[in-house]
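1. got a sequence here, can you model it:
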Amino acid sequence: MSEKFAIDARLKQLRAEIDEHNYRYYVLDEPQIPDAEYDRLMRELQQIEQEHPELISPDSPSQRVGAKPDSGFAEVIHQLPMLSLDNAMNGDEFMDFDRRLKERLDVSDTIEYVCEPKLDGLAVSLIYENGQLTRAATRGDGNKGEDITLNIRTIKSIPLKLRSDQTPQTLEVRGEVFMPLSVFENLNIQAREEDGKTFANPRNAAAGSLRQLDPQVTAKRQLAFYAYSTGLVSEDFKLGGTHLARLEQLKKLGLPVTSELQLATGTEQVLNYFEQIQTKRNQLAFEIDGVVCKVNNIDQQEQLGFVSRAPRWAIAIKFPAQEEMTKLLGVDFQVGRTGALTPVARLEPVFVGGVTVSNATLHNMDEIERLGLMVGDTVIIRRAGDVIPQVVSFVKSKRPESAKVIQQPSHCPVCNSEVEKTEGEAVIRCTGGFICDAQRTQAIKHFASRKAMDIDGLGDKLVDILSELDLIHHISDLYKLEKEQIASLERMGEKSAQNLIDALEKSKNTTLSKFLYSLGIREVGEVTAKNLAQHFLTLDAIAQADIEALEAVDDVGPIVAKHLRQFFDNPANQVEVKALIDAGIHWPTIEKKSDDELPLKGKTFVITGTLNNLTRSQAKAKLEALGAKVAGSISKNTDALIAGEKAGSKLKKAQELGVKILSEDYLINLS
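-> Below is the predicted model of the structure:
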């Protein structure tokens, strides 16, 4: 096969693939591949065409922006083309872009740029005539888009009438329609509850919402909009001489512009802005996938001009991809502290979100069935910030004939005990309890944690080492450890060993509620443990209580009562609890308090700000000892707020709701 024939064949393949992905994204709203893969295909196409310009054809995807309009909407011809942006994939590529601009402008001075987040949404054109919104359209292929006026009118951030009496006869505003992250999350939650279609990402959700044939559906999606430039403007309106000045003009006319934009002089300031936005990316209310940099001076923009599909004076610096494609090699099941078996995807390693990923969570078997995954599939992985990587979909067209169904295990992969699935729950669980090594190790870590037995110096890594060396097989084995055993461990020594022995001894003096919480009974948190202790007074009474008696306790419903009974009815658990008490764990006798001794019974308090005399834990304990419930957030049901210094949003909300606000002195004087 000749080289020319091979290049021509690859060009045809790339063009066909890109056209197919454009159709799926723009028309069907069903993208099959992540942005990073699409960008790679487009860059390869552009590279080949750049090296062989004689092979460029007018219908090549590189010669247009998007896809043809869908037949469901009227066609709109853009009087000025809506072009896309070229991409820089790293700082070096942006430096090359800046160098090329200086050469074209024949300047040595630094260039002034306007930088703003690259919103991950849908580009639109808004036409205002004499101040009134008369038409809105999608970008489409850059020359022709779709008339989405009725849907755009449902977006509350887009003014139907401009805020000035001196408006141009014609003003075209260009910007991005996007879906806020909170709306996106709620939309997918609702879709799952109703067994409906979920969206892969906020951009896909925004595109699908904006291209609904029924505007009422669009209105429910709570879309938002930011303006980023002007298009066609009549001569009766004088535009500013800089890009930033024009954005300020749009703001004065009532159009929203992102508050995250920044003027940057030279490449160093641009790249600093890029780093800052990347750092705060996960705190923003909307999805972004990079930074857009535009030459600020309009005269320089006009001098630089355009190439076939993009302006020479603007570029998008892309973040490392948060979505990538890779192969699903297999599925393992990990066992957690409560026995939950979590399926974990074993992947062909792939670089995504700034790290190399070889495993991703699949949550549970229901999620595997919902996604329709099989071993051998090409899957799309998403990793946002510090979030655990997850499989979001698979590419159906790439499924091999050898793909295998993912089977739910019938036995625990650690201890071989049978697994069970409780009705109404999505997870499957190991029934082994303390005989399961995975549960036992996690149970020991929980037992030693600060809110449980608070064994200082016994961290997760040390627990793992002690387990691997067979020095502990049960929680109670902690209290059989000897100083010499601990001192012989790597990075320990005599002093550290003695400190741990002392901490273990100190932990024996505890409270019934802390001991109960430390046992790691499913659904029994700190508050429930305290309520059980205060209600029954003794461990024996709790262990012997039937379901009906347990349900009489505050915060204990049928599910928690069932977990308590299952725990105390398990012979292995009975042996372990007795071994812990025989090791010397004890607590003071609890006296039943009368209502007179619980003046705050039935009251809900919230604590905020910095307290001077009490720690937050001490304040909470004192309130609970007097019968109060301590909540984490203010609501209309809150009886009082204890406000220390530098109290913030909770104090403001309490004032708005008329909640009683008390000082730390009030708490100290309570008896």
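2. outside of stretch 520-532 itself, list whatever touches it.
-> 337-338, 442-443, 446-447, 451, 513-514, 516-517, 542, 550, 553-556, 559-560, 563-564, 567, 624, 629 (CB atoms under 8 Å, 6 or more residues apart in numbering). All C-beta atoms are positioned from the backbone trio N, CA, C, and that covers glycine.
3. buried residues, that stretch. List them.
-> Buried residues in stretch 520-532, counted by 16 or more other CB atoms under 10 Å: 520-522, 524, 527-532.
4. of these, closest to residue 231?
-> residue 527 (58.2 Å; CB to CB).
5. and that closest one, what element?
-> With elements taken from DSSP states H and E, the one containing residue 527 is helix 526-536.
6. after that helix, which helix or strand is next?
-> Assigned by DSSP H and E, the successor of helix 526-536 is helix 539-544.
7. what's the distance between residue 658 and residue 642?
-> Plainly put, residue 658 is 16 Å away from residue 642 if you go by CB to CB, to the nearest Å.
8. more neighbours: the two, which one.
-> Higher neighbour count among residue 658 and residue 642: residue 642, with 24 against 8, using other CB atoms under 10 Å.
9. please export the C-alpha coordinates of stretch 340-356 as CSV.
-> What follows is stretch 340-356 as a C-alpha-only set of coordinates in CSV (Å, rounded to 0.1, in the frame of the first residue of the first chain):
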residue,chain,number,x,y,z
ALA,A,340,-20.6,-4.1,51.9
LEU,A,341,-19.1,-5.5,48.7
THR,A,342,-18.3,-2.7,46.3
PRO,A,343,-17.5,-3.5,42.7
VAL,A,344,-14.3,-1.9,41.5
ALA,A,345,-13.4,-1.7,37.8
ARG,A,346,-9.9,-2.9,36.8
LEU,A,347,-8.8,-0.7,33.9
GLU,A,348,-6.1,-0.5,31.3
PRO,A,349,-4.2,2.4,32.9
VAL,A,350,-5.2,5.8,31.5
PHE,A,351,-4.1,9.4,32.3
VAL,A,352,-7.2,11.4,33.3
GLY,A,353,-7.7,14.4,35.6
GLY,A,354,-4.0,14.8,36.1
VAL,A,355,-3.2,11.3,37.3
THR,A,356,-2.9,7.8,35.9
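10. tell me which residues in that stretch are buried?
-> Judged by neighbour count using 16+ other CB under 10 Å, the buried positions of stretch 340-356 are 340-341, 343-345, 347, 350, 352-353.
11. nearest to residue 300, of the residues you listed?
-> Distances from residue 300 to the buried residues of stretch 340-356, taken by CB to CB, are shortest for residue 353, at 35.4 Å.
12. mind listing what the spatially closest residue to the closest one that is not a sequence neighbour touches?
-> Closest residue in space to residue 353, ignoring its immediate chain neighbours: residue 383 at 3.4 Å, by CB to CB, 6 or more residues apart in numbering. When contacts are counted by CB under 8 Å, 6+ apart, residue 383 touches 322, 352-353, 355, 357, 389-390.
13. likewise for residue 659?
-> Shown in contact with residue 659 (CB under 8 Å, 6+ apart): 634, 638-641, 653.
14. try 6 Å
-> Contacts for residue 659 were tallied using CB atoms under 6 Å, 6 or more residues apart in numbering; they are 638, 641.
15. quick check: which ranges of the stretch 201-350 of the chain have low pLDDT?
-> Scanning the stretch 201-350 of the chain with the threshold set as pLDDT under 70 gives 308.
16. so where do the helices sit in it?
-> 202-210, 215-220, 243-252, 266-280, 298-304 (DSSP state H, counting those that start in this stretch).
17. out of those, deepest packed?
-> helix 202-210 (a mean of 23; mean count of other CB atoms under 10 Å).
18. for that helix, packing partners?
-> Contact here means 3 or more CB pairs under 6 Å, 6 or more residues apart in numbering; DSSP states H and E; on that basis helix 202-210 packs against strand 122-129, strand 170-178.
19. mind redoing it with 8 Å?
-> Other elements packing on helix 202-210 under the criterion 3 or more CB pairs under 8 Å, 6 or more residues apart in numbering; DSSP states H and E are strand 122-129, strand 170-178, helix 181-193, helix 215-220.
20. so residue 137 is in contact with residue 145, correct?
-> Yes - counting by CB atoms under 8 Å, residue 137 touches residue 145, with 4.1 Å between them.
21. what's the weakest-modelled helix or strand in the chain?
-> helix 616-625 (a mean of 80; mean pLDDT, DSSP states H and E).
22. adding distance to residue 149, write the buried residues of stretch 340-356 out as CSV.
-> Converted to CSV, the buried residues of stretch 340-356 look like this (distance: CB to CB, whole Å):
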residue, distance to residue 149
340, 50
341, 52
343, 46
344, 48
345, 44
347, 44
350, 42
352, 38
353, 38
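23. tell me which of those residues fall in strands.
-> Using DSSP state E, the subset of the buried residues of stretch 340-356 located in strands is 340-341, 343-345, 347, 350, 352.
24. thinking again about what came up before, which one of the buried residues of stretch 340-356 sits closest to residue 274?
-> residue 353 (16.2 Å).
25. just the buried residues of the longest helix along the chain, please?
-> Longest helix in the chain by number of residues, with DSSP state H as the criterion: helix 3-22. By 16+ other CB under 10 Å, the buried positions in helix 3-22 come out as 11, 14-15, 17-18, 21-22.
26. closest one to residue 417 out of the residues you listed, please.
-> Using CB to CB, these come closest to residue 417 at residue 21, 46.9 Å.
27. that closest one and residue 30 touch, don't they?
-> No - counting by CB under 8 Å, residue 21 sits too far from residue 30 to count as a contact (10.2 Å).
28. residues touching residue 515, list them.
-> Contacts of residue 515 by CB under 8 Å, 6+ apart are 453, 539, 580, 585, 587.
29. most neighbours among those residues, which one?
-> Using other CB under 10 Å as the neighbour criterion, residue 453 leads those with 24 neighbours.
30. any idea how far residue 578 is from it?
-> The gap separating residue 453 from residue 578 is 17 Å, by CB to CB.
31. try residue 11
-> Counting by CB to CB, the gap from residue 11 to residue 578 is 76 Å.
32. isn't residue 667 right next to residue 622, touching?
-> Yes - between residue 667 and residue 622 there is a contact under CB under 8 Å: 6.3 Å.
33. what is in contact with the two at once?
-> Taking CB under 8 Å, 6+ apart as the contact rule, residue 667 and residue 622 both touch residue 614.
34. if you count what's nearby, which of the two comes out ahead?
-> Comparing residue 667 with residue 622 by neighbour count (other CB under 10 Å), the higher total belongs to residue 667, at 21 against 17.
35. state the phi and psi torsions of that one.
-> Dihedral pair for residue 667: phi -70, psi -40, per degrees, to the nearest 10.
36. how about it, what does it touch?
-> By CB under 8 Å, 6+ apart, the residues touching residue 667 are 614, 619, 622-623, 642.
37. thinking again about what came up before, can you tell me which of the buried residues of stretch 340-356 is nearest residue 479?
-> For these, the nearest to residue 479 is residue 340 (27.8 Å; CB to CB).
38. distance of the closest one relative to residue 232?
-> Residue 340 is 59 Å from residue 232, by CB to CB.
39. same check on residue 481?
-> For residue 481, the distance to residue 232 - CB to CB - is 79 Å.
40. any idea of the mean pLDDT in stretch 584-594?
-> On average, the pLDDT along stretch 584-594 is 86.
41. pLDDT weak spots in this protein?
-> Ranges of the chain meeting pLDDT under 70: 1, 23, 25-29, 59, 63-72, 195, 308, 384-387, 593-597, 671.
42. how about a cut-off of 50?
-> For the chain, the stretches flagged by pLDDT under 50 are 65-70.
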